[in-house]
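> I'll drop the sequence and a predicted model, then ask my questions.
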Amino acid sequence: MLYTPLRPYAEVKSGSVSKFSAALGATLRLGDPAMLVTGALLAHGLRFGNLALPLDYVRIVVLTVLFALLVFGASPLYRSWRGRGLTAEVFQLALQWIMVFAGLVLYTAVLQVTESLSRLWLGAWFGLSLAGAVALRVATRSAAAWIRAQGMDLRTAVIVGANPDAQRIVNTMHSETWMGIRVEGWFATHADRSPLSGVPPLGRIDGLAGYVESRHIDQVWIALPMREQAQIAYVLRQLEHSTAEIKLLPDLFGLQLLNHSVEQIGGLPVLNLRSSPLDGPAHAIKSVMDRVLASLILLLIAPLLAAIAIGVKLSSPGPVLFRQLRHGMGGKPIEVWKFRSMRLHEEHDGQVIQARRGDARVTPFGAFLRRTSLDELPQFFNVLQGTMSIVGPRPHALAHNEQYKALVDRYMQRHRVKPGITGWAQVNGLRGETDTVSKMARRVEYDLYYLQNWSPWFDLRIIVMTVVKGFVGKNAF
């Protein structure tokens with residue numbers, strides 16, 4: 001059996017992965033409005049022989065770009081296209097372009113300004129800007145394909161089970177390298193009739209969880225028929241503490257019995273068993289909301305930040321800010337910033353000792369900051385940095401994951417989104433020390449409810465509740 005030997009983890013996932021993905025997304029988000037502006041200028045040059053837009057045309061272009069930002073941001077246009085072909089993406093792009101220009105035509109008709117605009121210019125603008133956006137996607141896909149062919153910006157996957165659909169997925173991932181998904185191997189079950197070719201066997205499914213955790217696998221593909229419910233349930237139990245995506249390759253009989261939205265990966269129907277309202281375009285909407293609100297809030301509270309910094313410096317020797325290692329999205333470590341509220345001290349043997357009521361390490365000024373949550377204000381810079389959200393599950397100490405993931409059901413699922421400055425659990429009184437399993441379980445219950453019921457309005461509700469009732473908490477000390 002021939003297969004590509006596994007690369008070391010560091011080779012597959014370098015630090016450039018997230019940077020490249022972010023750059024790719026930013027290129028498209030900035031490129032589409034740029035194509036609208038460029039298309040308008042070129043269309044005017046073709047129609048009138050010059051690139052200088054009259055004031056009426058400039059107004060229309062500006063309004064169209066602003067409207068396009070709303071339409072594009074609420075659409076699946078900027079979802080990851082791993083597994084989606086260029087044709088499907090161009091179709092989605094054309095659909096959004098038509099919606100934008102339909103809105104433009106409606107706007108000009110209602111305000112009766114169509115007579116002042118050249119119809120030929122409008123038509124040329126539509127065609128040229130759309131062609132530019134398509135060319136941009138061809139270029140970014142080509143760049144991504146080249147990068148991924150070098151072994152960078154890859155998502156790793158393993159397959160559970162062996163059947164013709166699983167073999168087709170393996171073949172597709174090998175031939176379509178632009179998808180950026182690298183299948184590391186497959187795990188055997190009692191339902192398998194023949195092995196998969198092209199990827200190495202990784203053992204029985206008993207070792208699945210350990211392999212996924214040690215190799216930091218991004219995706220687990222379950223290639224089992226629906227009648228193997230016990231095996232599927234066993235796999236899900238094994239991966240209960242993993243943040244990996246879990247995808248099911250359903251057999252056709254089972255697909256007829258299910259009423260779920262189905263993804264297309266390499267031409268095969270795939271059920272995502274861990275989806276939430278925050279998947280897809282909603283993630284982009286939340287990110288934009290976070291950065292806009294964080295920028296406005298930081299401008300408003302700048303004098304307060306300066307006053308607190310002076311107070312911290314006067315209260316005890318040491319730095320103004322305290323950086324804590326916490327688990328972020330995907331369970332990856334991040335640095336969380338806070339105003340220092342304790343005297344400088346050392347933790348012994350890496351043991352996490354949470355602040356307790358009457359803790360001698362906390363300064364009087366620090367106690368005030370903690371009680372009013374003012375010590376959390378520097379985390380708005382974390383939001384601008386992109387490692388945190390304004391609303392989300394609160395980040396826990398690194399040691400807590402190891403302590404609680406085996407004790408609290410679905411504990412690790414809270415890491416499927418960025419941690420937040422405030423959250424649904426916090427505004428419901430679940431702040432402060434989590435010194436018992438029941439307290440942590442209750443907090444996780446609220447975190448998962450947030451993940452399953454997210455909406456922009458839910459975020460705004462939590463922000464308002466934080467200001468009104470959650471800003472001063474009896475459990476904060």
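All right, it came through fine.

> list the helices and strands the strand or helix carrying Val134 packs on?
Using DSSP states H and E, Val134 sits in helix 119-149. Contacts defined by 3 or more CB pairs under 8 Å, 6 or more residues apart in numbering; DSSP states H and E place helix 119-149 against helix 16-48, helix 86-110. All C-beta spots, glycine's among them, are computed from the backbone N, C-alpha and C.

> just so I know, which of those lies nearest Lys332?
In terms of CB to CB, the element of the helices and strands packed on helix 119-149 nearest to Lys332 is helix 16-48, at 9.3 Å.

> list the buried ones in that closest one?
Residues 17, 20-21, 24-25, 27-29, 31-37, 39-45, 47 are the ones in helix 16-48 that count as buried (16 or more other CB atoms under 10 Å).

> before we move on, what about stretch 129-139?
129-130, 132-134, 136-137.

> For stretch 142-157, give the mean pLDDT please.
For stretch 142-157, mean pLDDT is 80.

> which element is Gly311 on?
Secondary structure from DSSP H and E places Gly311 in helix 281-315.

> Taking helix 16-48 as reference, get the angle to that helix.
Relative orientation of helix 281-315 and helix 16-48, computed by axes from the mean of the first three to the mean of the last three CA atoms, to 10 degrees: 120 degrees.

> quick one: average confidence on helix 281-315?
87.

> Name the residues of it that come out as buried.
Counting neighbours by 16+ other CB under 10 Å, helix 281-315 gives 283-287, 289-291, 293-294, 297-298, 305, 308, 311-312, 315 as buried.

> cool, and stretch 222-240?
Counting neighbours by 16+ other CB under 10 Å, stretch 222-240 gives 222-226, 228, 231-232, 234-235, 238-239 as buried.

> Report the separation between the two terminal residues of that stretch.
In stretch 222-240, first residue to last residue: 14 Å (CA to CA, to the nearest Å).

> how far does it sit from the chain's center?
26 Å (CA atoms, centre = their mean, to the nearest Å).

> can you pull the alpha-carbon coordinates of stretch 312-329 into PDB?
What follows is stretch 312-329, C-alpha atoms only, in PDB (Å, rounded to 0.1, in the frame of the first residue of the first chain):
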ATOM      1  CA  VAL A 312      -2.400  50.700  40.000                       C
ATOM      2  CA  LYS A 313       1.100  52.200  39.900                       C
ATOM      3  CA  LEU A 314       0.600  54.000  43.200                       C
ATOM      4  CA  SER A 315      -1.100  51.000  45.000                       C
ATOM      5  CA  SER A 316       2.000  48.700  44.900                       C
ATOM      6  CA  PRO A 317       5.300  48.200  43.100                       C
ATOM      7  CA  GLY A 318       5.100  46.400  39.700                       C
ATOM      8  CA  PRO A 319       3.800  46.800  36.200                       C
ATOM      9  CA  VAL A 320       0.400  48.300  35.400                       C
ATOM     10  CA  LEU A 321      -0.800  45.400  33.200                       C
ATOM     11  CA  PHE A 322      -0.800  41.800  34.100                       C
ATOM     12  CA  ARG A 323      -0.700  39.200  31.300                       C
ATOM     13  CA  GLN A 324      -2.200  35.800  31.900                       C
ATOM     14  CA  LEU A 325      -2.000  32.800  29.700                       C
ATOM     15  CA  ARG A 326      -5.500  31.500  28.900                       C
ATOM     16  CA  HIS A 327      -7.100  29.200  26.500                       C
ATOM     17  CA  GLY A 328      -8.500  30.900  23.400                       C
ATOM     18  CA  MET A 329     -10.400  29.700  20.400                       C
END
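
> Return the distance of it from the chain's centre.
27 Å.

> which residues sit against that stretch?
Contact with stretch 312-329 is made by 309, 333-344, 363-366, 369, 378, 387-388, 395-398, 400-401, 415-419, as judged by CB atoms under 8 Å, 6 or more residues apart in numbering.

> swap the cut-off to 6 Å and go again
Stretch 312-329 is touched from outside by 309, 333-340, 343-344, 363, 365, 378, 387, 395, 398, 401, 418-419, with contacts defined as CB atoms under 6 Å, 6 or more residues apart in numbering.

> Run a quick neighbour tally on Ser118.
Using other CB atoms under 10 Å, Ser118 is surrounded by 15 other residues.

> Kindly export stretch 96-105 (C-alpha atoms) in CSV.
Written as CSV, here are the backbone C-alpha positions of stretch 96-105 (Å, rounded to 0.1, in the frame of the first residue of the first chain):
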residue,chain,number,x,y,z
GLN,A,96,-24.6,38.9,-4.3
TRP,A,97,-23.5,41.3,-7.0
ILE,A,98,-27.0,41.1,-8.6
MET,A,99,-28.6,41.8,-5.2
VAL,A,100,-26.4,44.9,-4.7
PHE,A,101,-27.1,46.3,-8.2
ALA,A,102,-30.8,45.5,-7.8
GLY,A,103,-30.8,47.5,-4.7
LEU,A,104,-29.0,50.3,-6.6
VAL,A,105,-31.6,50.3,-9.4
